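Enquirer: sequence first, then the predicted structure:
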Amino acid sequence: MKFYVNLRYLIVPISSLVTILGILFGSIYAWTGVFLFGIYTIIDTATKDIHLRAEKDEAGNSYGIKLFQYLVMYVMLPVFIAIQAAVAWRLYQYTSGVQLEALYFGGIAYQNGISGLNLVGAVISAALWAGLGIIYGHELSHNKKEGFLVSRLIMALSGASHFTYAHVYNHHLDLGHEDDPATAPRGRNVYLHTWLSHAGQSKFSYDMEKKKLKNRGKSFINIDNRWLLGYLYSLPSIFLFVWSGGVVGLLALSVIWILSNFLLEALNFMGHYGLIRKEGPVEHRHSWDNDSVFTSWFFIEIGRQCDHHVRGETYFWELDDVGGPNYGIGYFSLFVLTLIPSLFRKYVQKHLDNWDKNYATDEERLIASKFNINKTGEASLAS
Amino acid sequence: MLKIFKKNKIPKRAALLQSNIDFEVLPRTTLLSSALSEGIDWPHRCKVGSCGTCKCRVVSGKVKPNIDFSYTLKQEELDKGFILACQSELISDIEVEINLNKNKERK
């Protein structure tokens, strides 16, 4: 049992490696990452009614093996670097006009050179898996030792190193409040949320460093400026893509960053959409749970937001069902709905009504009642 | 054996001066989580070092901070020896000042 509990969280690592192989094999296989994303959406939807609890032995100890899980998360950093390196190699081939031909490496056939269409597949595949891999950046952001740096480096591959600080010091503290850019108010769509949340978190991190350096009597341009340092961590990716593909490379990296950040912010969007918190401690009701079996295993239990936000120090394999508000479907299925804002709002309304009725305090209910959805669907607070 | 591979596995003790409470803190365990395990009503909120609710003042002894406290605590608090219990492991036995009635006062 212990063995199985730990192995089930390997879907993303294995899928990431398969995605890299797909890019290396070339031709139609460059689309492998996109194909896997589609397949997983179907599996997630088909298994939405299966829910499991965190497994523990008779003494109440977790089955999770910390050393193994941390090793996997750390190894994901070079894996994500390898995804970018594989795309860079294909970019180099494309921009250099390498002839399309079948070659063999150790007896295994691969296509040398790549067509424009398959290059698009490689870039989107890389973007999707860089975005999905952000789950490790999130988990490690709660480890205050070496894991924190690994988190920053993983996030830097998507140009979002500021996330690590903003997530811990802003999102976890101000959840459900207007001071938290990662909490989407009712009526906002995922596309607008992506930009507002990303910029808001970066601004928070900027302000935090500015204040810290001022208190220490240091200038803003400083090696101790973690906001600035975070963006410097992203420079190797920029150099790699510009070197390998010039303008096309820069365009490809932009697609990877935009898409991966879109997935990150979609997770924030789905985790807290429309929920409201007045002053006071964060409680289970301030997050949405997504605990269907495939979502739980694939996203290393990140969907157990209700428990995670109350016990932020808890390892992902120990997070459990705490009876919080639940969408009833997994992240992949819900993500598809968020892509069509009107459909998402329609789906989520009954859950919000239930939240207002059964979870919210009187003060929270009062704030909820002040939200008016205007004709365009954008939320505004009534004066 | 090299010193870096030698892990300190000896539990330390934390004494709460104002309330006459003394409890054990295991290696790689934070001051706050040990206190909560002992059933002590230690004020806390986020447990990730962001809110500062669990702060206390170290009167004697040393702690190992898991994060940079200066993001959450003011410089004057740091100068006075304040720490975040949720992000502190013990290097030695310590004596701390903490107002355990803060929870009750809030309620």
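Expert: Ah, there it is.

Enquirer: mean confidence for stretch A:33-43?
Expert: Mean per-residue pLDDT for stretch A:33-43: 97.

Enquirer: scratch that, stretch B:63-76 is what I was asking about
Expert: 88.

Enquirer: give me the buried stretch members for it, please.
Expert: The neighbour-count check on stretch B:63-76 (16 or more other CB atoms under 10 Å in any protein chain shown) flags B:63, B:66, B:67, B:69, B:71, B:72, B:73 as buried. In this view, the C-beta of every residue, glycine as well, is placed from N, C-alpha and C.

Enquirer: where in chain B is pLDDT low?
Expert: B:1-8, B:102-107 (pLDDT under 70).

Enquirer: spatially central residue in it, please.
Expert: The centroid of chain B falls nearest to residue B:85 when counting by CA atoms, centre = their mean (3.0 Å).

Enquirer: pretty sure that one contacts residue B:30?
Expert: Yes - Residue B:85 lies in contact with residue B:30 (CB atoms under 8 Å); the separation is 6.7 Å.

Enquirer: just checking, which of the buried residues of stretch B:63-76 belong to strands?
Expert: Mapping the buried residues of stretch B:63-76 onto strands (DSSP state E) picks out residue B:63.

Enquirer: near chain A, which of the buried residues of stretch B:63-76 show up?
Expert: Subset of the buried residues of stretch B:63-76 in contact with chain A: B:66, B:67, B:71, B:72, counting by CB under 8 Å from any CB of the partner chain.

Enquirer: state the distance from the closest residue to residue A:203 other than its chain neighbours to residue A:154.
Expert: Excluding its sequence neighbours, the residue lying closest to residue A:203 (CB to CB, 6 or more residues apart in numbering or on different chains) is residue A:181, at 7.7 Å. According to CB to CB, to the nearest Å, residue A:181 and residue A:154 sit 21 Å apart.

Enquirer: which of those two has more neighbours?
Expert: Counted by other CB atoms under 10 Å in any protein chain shown, residue A:181 and residue A:154 do not tie: residue A:154 has more neighbours, with 31 against 22.

Enquirer: now the more buried one, what's its secondary structure?
Expert: Following DSSP: H, G, I helix; E, B strand; the rest coil, we place residue A:154 in the helix state.

Enquirer: wait, doesn't it sit right on residue A:139?
Expert: No - the pair residue A:154 and residue A:139 does not pass the contact test of CB under 8 Å, sitting 9.9 Å apart.

Enquirer: for residue A:330, give me phi and psi.
Expert: phi -80, psi 170 (degrees, to the nearest 10).

Enquirer: and for residue A:326?
Expert: Phi and psi for residue A:326, reported as degrees, to the nearest 10, are phi -140, psi 130.

Enquirer: which ones are touching the residue nearest to residue A:203?
Expert: Applying CB atoms under 8 Å, 6 or more residues apart in numbering or on different chains to residue A:181 gives the contacts A:166, A:170, A:196, A:197, A:199, A:200, A:201, A:203, A:204.

Enquirer: interface residues of chain B facing chain A?
Expert: B:30, B:33, B:45-51, B:66-67, B:70-72, B:74-75, B:86-87.

Enquirer: and for residue A:342, the neighbour number?
Expert: Look at residue A:342: counted by other CB under 10 Å, it has 10 neighbours.

Enquirer: pretty sure it belongs to a helix, no?
Expert: Yes - checked against three-state DSSP, residue A:342 lies within a helix.

Enquirer: report pLDDT for it.
Expert: 96.

Enquirer: buried stuff in stretch A:320-329?
Expert: Those would be A:320, A:321, A:322, A:324, A:325, A:326, A:327, A:328, A:329, for stretch A:320-329 by 16+ other CB under 10 Å.

Enquirer: pull up the residues of the stretch 51-200 of chain A that are close to chain B.
Expert: A:142, A:144, A:145, A:148, A:165, A:168, A:169, A:170, A:172, A:173.

Enquirer: switch the cut-off to 10 Å
Expert: By the rule CB under 10 Å from any CB of the partner chain, the part of the stretch 51-200 of chain A lying against chain B is A:141-145, A:148, A:165, A:167-175.

Enquirer: where is pLDDT lowest across those?
Expert: For those, the pLDDT minimum is residue A:144, 70.

Enquirer: just checking, it touches residue B:50?
Expert: No - in this structure residue A:144 lies outside contact range of residue B:50 using CB atoms under 10 Å: 11.4 Å.

Enquirer: who's more crowded, the two?
Expert: For the pair residue A:144 and residue B:50, the greater number of neighbours falls to residue B:50 (24 against 19), based on other CB under 10 Å.

Enquirer: re earlier: shared neighbours, residue B:85 and residue B:30?
Expert: B:36, B:47, B:49, B:54, B:63 (CB atoms under 10 Å, 6 or more residues apart in numbering or on different chains).

Enquirer: neighbour-wise, which one of those residues leads?
Expert: Greatest neighbour count in these, by other CB under 10 Å, goes to residue B:49: 29 neighbours.

Enquirer: identify those among the buried residues of stretch B:63-76 that sit within helices.
Expert: Mapping those onto helices (DSSP state H) picks out no residues; all lie outside.

Enquirer: what's the most distant pair in the buried residues of stretch B:63-76?
Expert: The two members of the buried residues of stretch B:63-76 with the most space between them (CB to CB) are B:63 and B:71, at 16.6 Å.

Enquirer: ok, now how distant is residue A:257 from residue A:157?
Expert: Taking CB to CB, one finds residue A:257 at 9 Å from residue A:157.

Enquirer: so what sits against both of the two?
Expert: Both residue A:257 and residue A:157 are contacted by A:130, A:234, A:237, under the criterion CB under 10 Å, 6+ apart.

Enquirer: where's residue A:103, which helix or strand?
Expert: Using DSSP states H and E, the element containing residue A:103 is strand A:101-105.

Enquirer: so what secondary structure elements neighbour that strand?
Expert: Other helices and strands packing on strand A:101-105, by 3 or more CB pairs under 10 Å, 6 or more residues apart in numbering or on different chains; DSSP states H and E, are strand A:108-112.

Enquirer: can you point out the buried residues in the strand it packs on?
Expert: Neighbour-count burial for strand A:108-112, with 16+ other CB under 10 Å as criterion, is recorded at residue A:111.

Enquirer: same deal with stretch A:263-283?
Expert: For stretch A:263-283, a neighbour-count test (16+ other CB under 10 Å) marks A:263-277, A:282-283 as buried.

Enquirer: state the mean pLDDT of that stretch.
Expert: Mean predicted confidence for stretch A:263-283 is 93.

Enquirer: not counting its neighbours along the chain, what's nearest residue A:292?
Expert: Nearest one to residue A:292, counting by CB to CB, 6+ apart, is residue A:330 at 4.0 Å.

Enquirer: ok, that neighbour touching residue A:337?
Expert: No - between residue A:330 and residue A:337 there is no contact under CB under 10 Å: 11.1 Å.

Enquirer: all strands for chain B, in order.
Expert: For chain B, the strands defined by DSSP E occupy B:12-16, B:21-25, B:55-60, B:63-65, B:82-84, B:88-90, B:94-97.

Enquirer: would you turn these into CSV with distance to residue A:366?
Expert: Listed next are those as CSV, based on distance: least, CB to CB, whole Å:
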stretch, distance to residue A:366
strand B:12-16, 40
strand B:21-25, 41
strand B:55-60, 32
strand B:63-65, 40
strand B:82-84, 33
strand B:88-90, 39
strand B:94-97, 39
